[in-house]
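Q: any chance you could fold what I've pasted below:
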Amino acid sequence: MKLAIGQLNVKAGNPSLNLLAMKRMIDEAVAAQADLIIFPEMAVGGYILQDKWLDHDWLNTLIQANELIKSWSENIGIIWGNAITETFGNANNNRDGRPFRANAALFAYQNTYVKRVNGLFDGHYVKHCFPDYRFFDDSRFFMSGVEIAALNKWKVSSLINPFVFSRNNETVKIGLEVCEDLWSKDYSIDPTALYIEQKVDFIVNISSSPWTQRKEISRTRRIQEHVSEHGSEMVPIIYVNACGMQNTGKNVLMFDGDSTVYAKDGTALVECNDSFREELLFSDLKNKTETEPCENKLLCALIEGVRQFDNQILGGKLPWIIGCSGGLDSSVNAALLVAALGKDRVIGYNMASQFNQLKTIQIAKNLADRLDIRYREGSIEELVDATLSTMQAYGYQNADQGLVHENIQARMRGHLLSTFAAMEGGVICNNGNKIELALGYCTLYGDSIGALSPLGDCTKVQLFDLARQLNQYFGHEVISEDLLPQVLSTTLEWEVAPSAELKDNQLDPMKWFYHDWLIQTLIEYPTHGPIYVMNLYLNEQWKLLPVARWIAYYHLDDPKNFMDDLEWVITNWQKAVFKRIQYPPLITVSRGSFGSDYRESQIRWERSEDYEKLKKKILSKTASY
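A: Numbers count the residues shown, from 1 in each chain. This is a model prediction of the structure:
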């Protein structure tokens, strides 16, 4: 049987474009004499739609598309993901008074829905396992197969029943799953196991699974777990994932595709690209095809994230306005914009004050020249002076001192960028990184503005690698090597150290490499929190970690230094929640992305009794490294 894998760039909220793309792939698959084509979860309207799912008119638009797709199945079997509202016994329009809707896989052939072995709801499979974590809220919007079975007093497995597909004198039994059903370890039901018990010929899992770093490793591991559990009874699994971009409002989520046909032993027979791009690929479930995985996948995700956000949200035509300070973050972002959109749609601005070094001003100009983007430079001193004069008129005599003066400069730059964007009819690129965002090291309405934050989920250390990769991408040094640290055996040396350049001799207060690790650890595993890190320190397990050299480098092997720094990080983190709430949407690339992934309330940090006990134990130690 010849399968067509339809790795679709599902454009959330745009069913007309998605249907056009599906029809094109179906026609290509028919021409190639494929027997069955498979599309991802929620292929028609998108999956990450937030409360758009509560809009009845929108839902009706999606439901009508199911009949249209079914009409395209005359010469090929079609499996696709979409919402359904069909009657499911007692589940019909009765879930605590809310209209019934489900996240489903649908299966049609020869203009009719394909029959199941038990004859129950032919052509429809309802998702059973709901991922109510991170940015997923399935239970808020959909009814699961488990709920439907309970309402009808059926066995919980009654809706996990094979579909019988016959074509060209070949009949196969196919098990359908939707995304999380494959990741069933933490659920009360295992659809994969139930299908294997029913001796299906293969399982199709349609997914809309966002990519974050190391996600492809966990996918392969999960398949291997099923192989280990079922041994010789295991069957092939066809995993079909969406690609492209969808968003929660606060998080731009990237879908890498990486659709794969897995053999019974868990090895990959055929793989679509994992480069976030659409593809139609064919498999006979027998022959193996080698595929090269995406190189520099984080860079690929960021470039494609900018490109997709620009195209889907902004229409793909507006200029992008970016402040080019001569620092690393703005340099990486400028290069990303050019890589994603081309040089003609990027305009850089250097807005110097009395504190900007000639060195960084020149680095910014060189960057613009090497990227061949439009570039303008000038001074913000007149604006700053005018603000100080206005403050004096209001009776404030000390606005030229301390943080007030620093923030005035940052807000003047934000004001100018907003005006430049208005003059050019464009949008602003936010230049902040994850560590700055975590510690509140940004000025509200200054450097915290923008339509998109490409680097808001990237640590500073990741930017070091991205800078080098972008230089390789362009084939020459567009981002100055002077901005990158030299990591020597016992020291960290900078030609140009990170600085906001808002006062004389200012340096960023972060402990690079260590704070990058600390913040990502705290946010990726929020159940651990500071207690986890403190126990690592107290038990000296930190000495076994790669970060140990940086703990020693910053003299945090001294217990008092360690605790002072940890409390500085936690205090600043909690104080900055209000800034993150107002921050632009960011491209999510890790577990624990600020926004809809790591969700925060504005609350005070209160030290627990356990915290105080651990702190006392740590401070009683002596420096030991």
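Q: ok, and the closest non-adjacent residue to Phe282?
A: Counting by C-beta to C-beta, 6 or more residues apart in numbering, Ala4 is the residue found nearest to Phe282 once chain neighbours are left out, at 5.6 Å. Placement of C-beta: from N, CA and C, glycine included.
Q: again, but for Gln354
A: Per C-beta to C-beta, 6+ apart, closest to Gln354 is Glu381, 6.2 Å.
Q: ok, the one you found touching Asn356?
A: No: between Glu381 and Asn356 there is no contact under C-beta atoms under 8 Å: 10.4 Å.
Q: so for these two, which residue has more residues nearby?
A: Asn356 (20 against 13; other C-beta atoms under 10 Å).
Q: and the more buried one, how far is that from Ile363?
A: 11 Å (C-beta to C-beta, to the nearest Å).
Q: likewise for Ser601?
A: 40 Å.
Q: hang on, the earlier thing: find the residues that touch each one of Asn356 and Ile363.
A: Residues touching both Asn356 and Ile363 (C-beta atoms under 8 Å, 6 or more residues apart in numbering): Gly326.
Q: secondary structure element holding Phe578?
A: helix 577-581 (DSSP states H and E).
Q: got the CA coordinates for that helix in PDB?
A: Extracted in PDB, the C-alpha atoms of helix 577-581 (Å, rounded to 0.1, in the frame of the first residue of the first chain):
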ATOM      1  CA  VAL A 577       6.600  39.900  36.300                       C
ATOM      2  CA  PHE A 578       4.800  43.100  35.300                       C
ATOM      3  CA  LYS A 579       7.300  43.700  32.500                       C
ATOM      4  CA  ARG A 580       7.000  40.200  31.100                       C
ATOM      5  CA  ILE A 581       3.200  40.500  31.100                       C
END
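Q: quick one: residues in contact with it.
A: Contacts for helix 577-581 (C-beta under 8 Å, 6+ apart): Leu437, Gly440, Cys442, Leu444, Ser448, Phe594, Gly595, Glu600, Ser601, Gln602, Ile603.
Q: ok, and the closest non-adjacent residue to the fifth one?
A: This points to Ser448. Counting by C-beta to C-beta, 6+ apart, the residue nearest Ser448 is Cys442, at 4.6 Å.
Q: looks like that neighbour contacts Glu436 (just checking).
A: Yes: counting by C-beta under 8 Å, Cys442 touches Glu436, with 5.5 Å between them.
Q: who's more crowded, these two?
A: Glu436 (24 against 21).
Q: would that one count as being in a helix?
A: Yes: assessed with DSSP: H, G, I helix; E, B strand; the rest coil, Glu436 lies in a helix.
Q: which ones are touching it?
A: Contacts of Glu436 (C-beta under 8 Å, 6+ apart): Cys442, Met510.
Q: repeat for the one 10 residues further on
A: Residues touching Gly446, when contacts are defined by C-beta under 8 Å, 6+ apart, comprise Asn407, Gln409, Ala410, Arg411, Met412, Arg413, Gly414.
Q: again, 7 Å this time
A: Gly446 is in contact with Asn407, Ala410, Arg411, Arg413, Gly414, counting by C-beta atoms under 7 Å, 6 or more residues apart in numbering.
Q: what about the third one, neighbour count?
A: Around Arg411 sit 20 other residues, with neighbours defined as other C-beta under 10 Å.
Q: surely it is in contact with Ser448?
A: No: applying C-beta atoms under 7 Å, one finds Arg411 not in contact with Ser448, separated by 9.8 Å.
Q: overlap in contacts of those two?
A: Counting by C-beta under 7 Å, 6+ apart, nothing touches both Arg411 and Ser448.
Q: pull out the buried positions in the strand or helix carrying Arg222.
A: Arg222 belongs to helix 215-230 when assigned by DSSP H and E. Buried residues in helix 215-230, counting neighbours by 16 or more other C-beta atoms under 10 Å, are found at Lys215, Glu216, Arg219, Arg222, Ile223, His226, Val227.
Q: can you check the pLDDT for the fifth one?
A: It stands for Ile223. What the model reports for Ile223 is a pLDDT of 95.
Q: swap in the second one?
A: pLDDT for Glu216: 91.
Q: among the contacts of Gly446, which one lies nearest to Phe276?
A: The closest of the contacts of Gly446 to Phe276 turns out to be Gly414 (C-beta to C-beta; 31.0 Å).
Q: that closest one and Leu444 touch, don't they?
A: No: the criterion here is C-beta under 7 Å, and Gly414 misses it with Leu444 at 8.9 Å.
Q: who has more neighbours out of these two?
A: Gly414 (21 against 17).
Q: element containing Glu177, please.
A: Assigned by DSSP H and E, Glu177 falls in strand 170-178.
Q: tell me which residues are up against that strand.
A: Against strand 170-178 from outside (C-beta under 7 Å, 6+ apart): 1, 41, 79, 81, 103, 105, 107, 117, 125, 127, 162-165, 191-192, 195, 200-206.
Q: inside strands: which ones of the residues you listed?
A: 79, 81, 103, 105, 107, 125, 163-165, 202-206 (DSSP state E).
Q: now list the buried members of these.
A: For the ones in strands among the contacts of strand 170-178, a burial check counting by 16+ other C-beta under 10 Å picks out 79, 81, 103, 105, 107, 125, 163, 165, 202-206.
Q: okay if I get those as TSV plus pLDDT and distance to Lys503?
A: Shown next, in TSV, are those (pLDDT from 0 to 100; distance: C-beta to C-beta, whole Å):
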residue	pLDDT	distance to Lys503
Ile79	98	61
Gly81	98	54
Asn103	96	53
Ala105	98	59
Phe107	98	65
Tyr125	96	62
Phe163	98	68
Phe165	98	70
Phe202	98	65
Ile203	98	61
Val204	98	60
Asn205	98	56
Ile206	98	55
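Q: with only the CA atoms kept, save stretch 550-568 in PDB.
A: Output of stretch 550-568 as PDB, limited to C-alpha atoms (Å, rounded to 0.1, in the frame of the first residue of the first chain):
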ATOM      1  CA  TRP A 550      31.400  28.900  36.100                       C
ATOM      2  CA  ILE A 551      30.300  28.500  39.700                       C
ATOM      3  CA  ALA A 552      34.000  28.500  40.600                       C
ATOM      4  CA  TYR A 553      34.800  31.300  38.100                       C
ATOM      5  CA  TYR A 554      32.300  33.700  39.800                       C
ATOM      6  CA  HIS A 555      33.400  32.600  43.300                       C
ATOM      7  CA  LEU A 556      30.100  31.100  44.000                       C
ATOM      8  CA  ASP A 557      31.800  28.200  45.600                       C
ATOM      9  CA  ASP A 558      31.800  30.500  48.600                       C
ATOM     10  CA  PRO A 559      28.400  29.800  50.300                       C
ATOM     11  CA  LYS A 560      27.600  33.400  51.100                       C
ATOM     12  CA  ASN A 561      28.300  34.500  47.600                       C
ATOM     13  CA  PHE A 562      26.100  31.700  46.300                       C
ATOM     14  CA  MET A 563      23.200  32.600  48.500                       C
ATOM     15  CA  ASP A 564      23.500  36.300  47.900                       C
ATOM     16  CA  ASP A 565      23.500  35.700  44.100                       C
ATOM     17  CA  LEU A 566      20.600  33.300  44.200                       C
ATOM     18  CA  GLU A 567      18.500  35.700  46.200                       C
ATOM     19  CA  TRP A 568      19.400  38.500  43.800                       C
END
